[in-house]
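>>> Predicted coordinates and the sequence they were generated for:
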Amino acid sequence: MSDILQISEGVSLAFHSLAILADKYNQVIPTCNIAIELQVSENHLAKIHQRLTRAGLIRSIRGPQGGVQLARCPNSISLLNIYEVIEGKFNCHSCIRNHNNCTRFSCIFNGIIKQANMQIQQYLQNTTLQDICSTTNKSC
C-alpha cells in the first residue's frame, strides 16, 4: 500500500480546476485551457465540468468566447461540496475494510481510521476555494 489517503482522479481534477477558476473569478476560461494547464485529457475534464455544472458550482458558457466560470463566490464553495459532487456523500468509516461489524475483539488500528477520516472531513468542510486561492477576491 503506497498511500493511506486515496483521492480519486476525478476529485483531484475538480479541486484543481475550481482552484484555477477561483484564481480567475468572474472570468470565463475554456475547458481546453484548464486541461492544458493541468496536463489532462480535455474530454475527461469536460465530464467533470458537466457534473460541477449540474451541481451549480460552475456555469458553462457556449460559443466562441465560451468556457466555464464559477457560479458562486469562492468563499461559499467548500472542498467538501466539490468532493461530494464527484464521489457522493463523504463517509467516516471506522474500518479500513469498510465493515461495521468487525470479527476481531478490538480494532487493529485502535480507532485511528475513523479519527483520520473525521479530520479529513472536517478539513474539507472548513476549507473553501477562497482559502486555497492564490489571489484575494474582494469582489464577493
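The structure has been received and is ready for your questions.
>>> Confidence-wise, which helix or strand of the chain is lowest on average?
Using mean pLDDT, DSSP states H and E, helix 112-126 stands out as the lowest-scoring helix or strand of the chain, at a mean of 90.
>>> Please, where are all the strands along the chain?
58-61, 67-70 (DSSP state E).
>>> Quick one: those as a markdown table, columns for mean pLDDT, distance to Glu87 and mean neighbour count too.
Any C-beta I mention is one placed from the backbone N, CA and C, and that applies to glycine too. A markdown table is the format used below for those (pLDDT from 0 to 100; distance: least, C-beta to C-beta, whole Å; neighbours: other C-beta atoms under 10 Å):
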| stretch | mean pLDDT | distance to Glu87 | mean neighbour count |
| --- | --- | --- | --- |
| strand 58-61 | 96 | 17 | 17 |
| strand 67-70 | 96 | 20 | 22 |
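>>> and of those strands, who's closest to Tyr123?
Set against Tyr123 and scored by C-beta to C-beta, the strands of the chain come closest in strand 67-70, at 21.0 Å.
>>> In terms of secondary structure, what does the closest one contact?
Counting by 3 or more C-beta pairs under 8 Å, 6 or more residues apart in numbering; DSSP states H and E, the packing neighbours recorded for strand 67-70 are helix 9-23, helix 31-38, helix 42-54, strand 58-61.
>>> Point out the most buried one among the ones you listed.
Most buried of those, by mean neighbour count (mean count of other C-beta atoms under 10 Å): helix 9-23, with a mean of 20.
>>> Dump it to CSV, restricted to CA.
C-alpha atoms of helix 9-23 as CSV (Å, rounded to 0.1, in the frame of the first residue of the first chain):
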residue,chain,number,x,y,z
GLU,A,9,-8.5,11.5,-10.1
GLY,A,10,-12.0,13.0,-10.6
VAL,A,11,-11.9,14.7,-7.3
SER,A,12,-8.4,15.9,-7.8
LEU,A,13,-9.3,17.3,-11.2
ALA,A,14,-12.3,19.0,-9.7
PHE,A,15,-10.3,20.6,-6.9
HIS,A,16,-7.6,21.8,-9.2
SER,A,17,-9.9,23.0,-11.9
LEU,A,18,-12.0,25.0,-9.5
ALA,A,19,-8.9,26.5,-7.9
ILE,A,20,-7.9,27.8,-11.3
LEU,A,21,-11.4,29.3,-11.7
ALA,A,22,-11.3,30.8,-8.2
ASP,A,23,-8.0,32.5,-9.1
